[in-house]
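> Need coordinates for the below:
(one chain, ligands or ions: 1)
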Amino acid sequence: MHNRTEQKEKEMELTAMYDVCIIGCGVIGAAAAFELSKYQADILVLEKENDVAMGSSRANSAIIHAGYDPKPGTLMARLNVEGNAMAEQLCKDLSVPFERIGSLVLAFSEEEEETIRMLYDRGVKNGVPGLRIIDAKVIHEMEPEVSPNARMALYAPSAGIITPWDYTLAFAETAVRNGVKIQLNSPVIGIERLPEGGYCLKTPDTEYQARYVINAAGVHSDTIHEMVAEKTFTVHPNRGEYYVMDKAECFRANHVLFQCPNQDGKGVLVTPTMDHNLLVGPNAEGVEDGDRVNNTAAGMAFVRDKAGKSVPGINYRNAIRNFAGIRANTDKDEFQISIAAENFIDLAGIKSPGLSSAPAIALEAMKLLNECGFAPEKKANPITKRVKKRFRYMNDEERREAIKENPLYGRVICRCETVTEGEIIDAIRSPIPPCSVDGVKRRAGSGMGRCQGGFCGPRIVDILSRELGVNPMTITQDGAGSQLLLTETKQEVGE
Ligand SMILES: Cc1cc2nc3c(=O)[nH]c(=O)nc-3n(C[C@H](O)[C@H](O)[C@H](O)COP(=O)(O)OP(=O)(O)OC[C@H]3O[C@@H](n4cnc5c(N)ncnc54)[C@H](O)[C@@H]3O)c2cc1C
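Residues are numbered from 1 along each chain as shown. The predicted model follows:
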């Protein structure tokens, strides 16, 4: 029965013609889907992984940059500043944790003081609001843990911190509620032009047709581009590794603390996160495989060494996790945003500040689609808001109310982060249901704390298997190859 339904769905896909197909559901594909979902159009998103936000969009510094770093006149400069300005209202509307805590770029030498002045001038040209150069005294008043060797800094009050996977999920979930179809586990492996116009997109299981295509495939966006057009850029995947520190270390930084940028990027930063941890990293290392996010001893040693220059007192015994993300760097110092072929748009090579620029890039995609002749009507009342309950941020009154409405809000599952069973079930029943323990973590915040899921992990496996109606043995940490339970060790009495 199940197979017959699947077969029928495949046959329907073969004949359906979507208006737009977006390849990739990182923050860029998701923001584009959200923007397009406000129009009367059939939109499909094809994502190769088992969840959204599985590429750079889940593993980065989580900064909404102010916009003084990109060269004036570039798309990166304009879209960064525009995206930063849009973030606050969007995060309010979509219930995404975001705070404009401001950033400091620290200078430790005369030469770096020159860089600070250059960045200030760039920022002013780029239209960054409120920039100020501050001296050592002000730095140490604002940041008592910063090294006494810091002598000057660029202060950018508009810089913010965000939960990047939740930004992506918020766009994607709202797009789905507006009718967008997101097909997970669907890598695009070939694209053919249709004789009557539009494209046929091939995945291992089925084929899809669309009049317009948006390439938002991150580190693989060059491969997708070359399926329809001449090579114009190459992605050079570049790994950045991090430490996540326990909340006990969060007092070390009140703002995002950058060092002066160099040829390898923005350098090692120290910053609080939205969950009140401290994030330290990243390094920058060219790698062959854009999907391999392993940490290395050398990378971590580099991060500790460089971070010590800004904040010497960090206690690495309080590290609770390491992770790595891959930048979609290209041979061009610019986002690759253009009409790459007839009715085919590249939102490609979106390196940093891609997270900051995402909503502005989505508007840019809309402009390019219009240029290609796609001008759908706006929907009368598209959904533009998302409500997300977070028990840990509620006051006592709100908690009592939440528990009265749903007693499962009174059952704490993740003790480190105070995440309740009610929130976990909300996550599992959300518009893009998670199928793994980490999928629940990205939505509900469980397992983010000091024990890293040691306590709540087995309970989440239980809840997932109960809610999804599957055997707990099939539940993974985060997709294929990460099975948590390998064999049954006990049997019920009487079996
Ligand atoms: C270490 C690091 C630090 C960073 N720090 C910041 C920061 O602080 N602030 C900031 O603004 N930016 C930052 N960035 C940049 C930011 O993370 C990216 O610009 C942004 O996440 C890019 O989003 P994306 O959607 O283009 O790519 P991704 O998030 O990688 O999404 C691409 C998606 O395409 C899918 N895909 C790939 N190939 C296929 C295929 N063939 N078929 C179907 N799907 C496919 C992938 O699975 C993936 O989900 C950082 C990046 C890194 C790596």
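> tell me the contacts of Asp291?
Listed by C-beta atoms under 8 Å, 6 or more residues apart in numbering, the contact partners of Asp291 are 219, 326. (Glycine included, C-beta is placed from N, CA and C.)
> From Gly24, how far off is it?
Distance, Asp291 to Gly24, using C-beta to C-beta, to the nearest Å: 13 Å.
> Enumerate the residues of this structure near the ligand.
23-29, 46-49, 54-57, 60-63, 65, 187-188, 216-220, 224, 240, 282, 325-327, 350-356 (C-beta under 6 Å from any ligand atom).
> In contact with Glu114, which residues?
By C-beta under 8 Å, 6+ apart, Glu114 lies in contact with nothing.
> Could you confirm it falls within a helix?
Yes - secondary structure of Glu114 (DSSP: H, G, I helix; E, B strand; the rest coil): part of a helix.
> Model confidence score at it, please.
pLDDT, Glu114: 97.
> Report the contact partners of the residue positioned nearest the centre of the chain.
The centre of the chain sits closest to Ser57, judged by C-alpha atoms, centre = their mean, with a distance of 2.6 Å. Neighbour list for Ser57: 26-28, 30, 164-165, 167-168, 218, 355 [criterion: C-beta under 8 Å, 6+ apart].
> Quick one, grab the pLDDT at it.
Looking at Ser57, its pLDDT reads 98.
> so where do the helices sit in the stretch 301-450 of the chain?
Remark: helices assigned in the stretch 301-450 of the chain by DSSP state H, counting those that start in this stretch are 354-371, 396-405, 421-428, 437-444.
> Skipping adjacent residues, who's closest to Asn185 in space?
Once flanking residues are discounted, Asn185 sits nearest to Asn50: 5.5 Å by C-beta to C-beta, 6 or more residues apart in numbering.
> swap in Val81?
The spatially closest residue to Val81, leaving aside those adjacent along the chain, is Gly67, at 3.9 Å (C-beta to C-beta, 6+ apart).
> Equivalent analysis for Leu464, please.
The shortest distance from Leu464 to any non-neighbouring residue, by C-beta to C-beta, 6+ apart, is to Ile475 (5.2 Å).
> circling back: go through the contacts of Ser57 and name the one nearest Gln259.
Leu355 (19.6 Å; C-beta to C-beta).
> Can you name the residues that contact the closest one?
Contacts of Leu355 (C-beta under 8 Å, 6+ apart): 27, 57, 60, 62-64, 162, 164, 167.
> Low-confidence stretches in the protein?
Where the chain drops to pLDDT under 70, the residues are 1-6, 8-14, 263-265, 491-495.
> what two of the contacts of Ser57 are the furthest from one another?
Farthest pair in those (C-beta to C-beta) is Tyr167 and Gly218. Separation: 15.1 Å.
> sorry, back to before: most surrounded residue in the contacts of Leu355?
Within the contacts of Leu355, most neighbours by other C-beta atoms under 10 Å means Val27, with 35 neighbours.
> How much space separates that residue from Ile64?
Distance from Val27 to Ile64, by C-beta to C-beta: 11 Å.
> now swap in Ile475 and tell me
With distances taken as C-beta to C-beta, Ile475 is found 34 Å from Ile64.
> Quick check: the residue of the stretch 351-495 of the chain nearest the ligand.
Nearest residue of the stretch 351-495 of the chain to the ligand: Gly354, at 1.9 Å (C-beta to the nearest ligand atom).
> contacting residues around the closest residue to that residue other than its chain neighbours?
Nearest non-adjacent residue to Gly354, counting by C-beta to C-beta, 6+ apart: Ile28, 6.4 Å away. By C-beta under 8 Å, 6+ apart, the contact list for Ile28 reads 57, 216, 218, 347, 350, 354, 358, 361-362.
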